[in-house]
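Trainee: got a predicted structure here, sequence first:
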Amino acid sequence: MEAAGAEKPIYRASTTAPVNIAVIKYWGKRDPKLNLPTNSSLSVSLDQADLRTHTTASCSSSYSSPDTLTLNSKPESLEGARPQACLSSLRALRSELEEKDPSLPKLSTLPLRIVSSNNFPTAAGLASSAAGFAALIRAIADLYELPQDPTTLSLIARQGSGSACRSLLGGYVAWDHGTEADGSDSKARLVAPKSHWPSMRALILVASHEKKDVSSTAGMQTTVQTSQLFKTRAEVVVPAAMEAMEKAIAEKDFESFAKVTMRDSDSFHATCLDTTPPIFYMNDTSRAAIRAVENLNKRAGKIIAAYTFDAGPNAVIYYLHENREAVVGPFKRALGEKEGWLGQQGAAIGYAEIAQEDE
Ligand code: ADP
Ligand code: DP6
Ligand code: CO
């Protein structure tokens, strides 16, 4: 979009993207350069009313080079190979359009300014890199008026941050590891739209807003190099879990969904612990959340809640709307009583809806 009346026009587009929380975790790259994963993964995109990234991309001949990114009001480098891969893929697609239609403004040659903010903790295990890169890719694709569909854009987002490819779609989304050496089949796939299972909810428990010590990128690299459990997880555990998870979602079988989710979270954190030096993403508060889920499931006499933790201490608890009181009630009470949930670390409780497939 062009700003009216400007001598040197500024072209601008804004967008938002959702966080997605994996129920089968991506952990390990078979090709770090193309950001190709060792195993497939599956996640649920959360409603943007709760957690979202907002990003504005603009370009103008009045801007000086290089491209810039401002993240949560601070400058953030775009110099790494991964953001650069995203920017050059998007510029190449814009430049194809400009070659086909010479009347189009030559946006592909202009410096970019990207301004982004997350309304949730950044780099704390709540998928900021996923929402962040999905929003960045979509904002620039909108700015460049690219015709590519979300699945095709997911191939570009994947190069920025692997989990970002899944945030281009809403609902229940898989990222198939793919087998092509160039990564052309390693992209997001819609497993089911939100409307398929409308009573699914996620409760987010922020145990810490702190930036994690070990980034996901660095952590998984060390796991690939040193963990003995990793190979079995990637080759045996995850393929079986992916199959069971897709079945559970197709049949709207919450107990199976929950069992597979909790097991995969445990398997992922066990693999982190099996890394040298060991990686501890969970803390005492996280472990208290696991016990709270166990207890409320015991009380209910069936599984009505499932915990999962990404690469950070913050808990995501999946449950069905009809069990809201039995699941959310105990956590609300624990929030009031337990040190670590409140105070300096800043506890937050959110009831996330699950995003639509076209968000
Ligand atoms: P998380 O668990 O939050 O995904 P990661 O270690 O995977 O943590 O990635 C965090 C990094 O992702 C940040 O340090 C930053 O480089 C990048 N990132 C986070 N949010 C954004 C955003 N909105 N736009 C661009 N990059 C972002
Ligand atoms: C534990 O996608 O953040 O959240 O590709 O290196 O940017 P990079 O890693 P990232 O890893 C996410 C790991 C996870 C599991 C998941 O989201 O599937
Ligand atoms: Co991440």
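Mentor: Thanks, I have it. Ligands and ions are numbered 1, 2, ... in the order given.

Trainee: Leu126: what secondary structure?
Mentor: Secondary structure state of Leu126, per DSSP: H, G, I helix; E, B strand; the rest coil, is coil.

Trainee: start at 59 instead
Mentor: Noted, 59 is the first residue going forward, which turns the last one into Leu184.

Trainee: that one reaches Phe178, doesn't it?
Mentor: Yes - Leu184 is within contact range of Phe178, at 5.3 Å (criterion: Cβ atoms under 8 Å). In this view, the C-beta of every residue, glycine as well, is placed from N, C-alpha and C.

Trainee: which element is Arg216 on?
Mentor: helix 208-218 (DSSP states H and E).

Trainee: from the chain's centroid, how far away is the very next helix or strand once past that helix?
Mentor: Following helix 208-218 in sequence order, the next helix or strand is strand 230-233 (DSSP H and E). In terms of Cα atoms, centre = their mean, to the nearest Å, the centre of strand 230-233 is found 11 Å from the chain centre.

Trainee: who are the neighbours of strand 230-233, in terms of helices and strands?
Mentor: Applying 3 or more Cβ pairs under 8 Å, 6 or more residues apart in numbering; DSSP states H and E, one finds that strand 230-233 contacts strand 99-103, strand 246-250, helix 296-308.

Trainee: and the angle for the longest one with strand 246-250?
Mentor: Between the direction of helix 296-308 and that of strand 246-250, the angle (axes from the mean of the first three to the mean of the last three Cα atoms, to 10 degrees) works out to 40 degrees.

Trainee: helix 296-308 packs against which elements?
Mentor: Short answer (3+ Cβ pairs under 8 Å, 6+ apart): helix 296-308 packs on strand 78-82, strand 99-103, strand 230-233, strand 246-250, helix 312-331.

Trainee: I'd like those laid out as CSV, including distance to Ile362 and mean pLDDT.
Mentor: Below are the helices and strands packed on helix 296-308 laid out as CSV (distance: least, Cβ to Cβ, whole Å; pLDDT from 0 to 100):
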stretch, distance to Ile362, mean pLDDT
strand 78-82, 16, 97
strand 99-103, 17, 97
strand 230-233, 19, 97
strand 246-250, 20, 97
helix 312-331, 7, 98
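
Trainee: for those, which one sits closest to ligand 2?
Mentor: Nearest of those to ligand 2, taken as Cβ to the nearest ligand atom: strand 78-82 at 3.4 Å.

Trainee: quickly find the element holding Glu352.
Mentor: helix 342-358.

Trainee: now what about the helix or strand following that helix, what contacts it?
Mentor: Remark: after helix 342-358, the chain's next helix or strand is strand 363-367, criterion DSSP H and E. Residues outside strand 363-367 that contact it (Cβ atoms under 8 Å, 6 or more residues apart in numbering): 79-81, 183, 315-317, 319-320, 322-323, 327, 339-340, 344, 347-348, 351, 354-355, 373-377, 381, 385.

Trainee: right, and the helix or strand after strand 363-367?
Mentor: Strand 363-367 is succeeded, C-terminally, by strand 373-378 (DSSP H and E).

Trainee: does that next one reach ligand 2?
Mentor: No - Strand 373-378 lies out of reach of ligand 2 by Cβ under 6 Å from any ligand atom, never closer than 10.5 Å.
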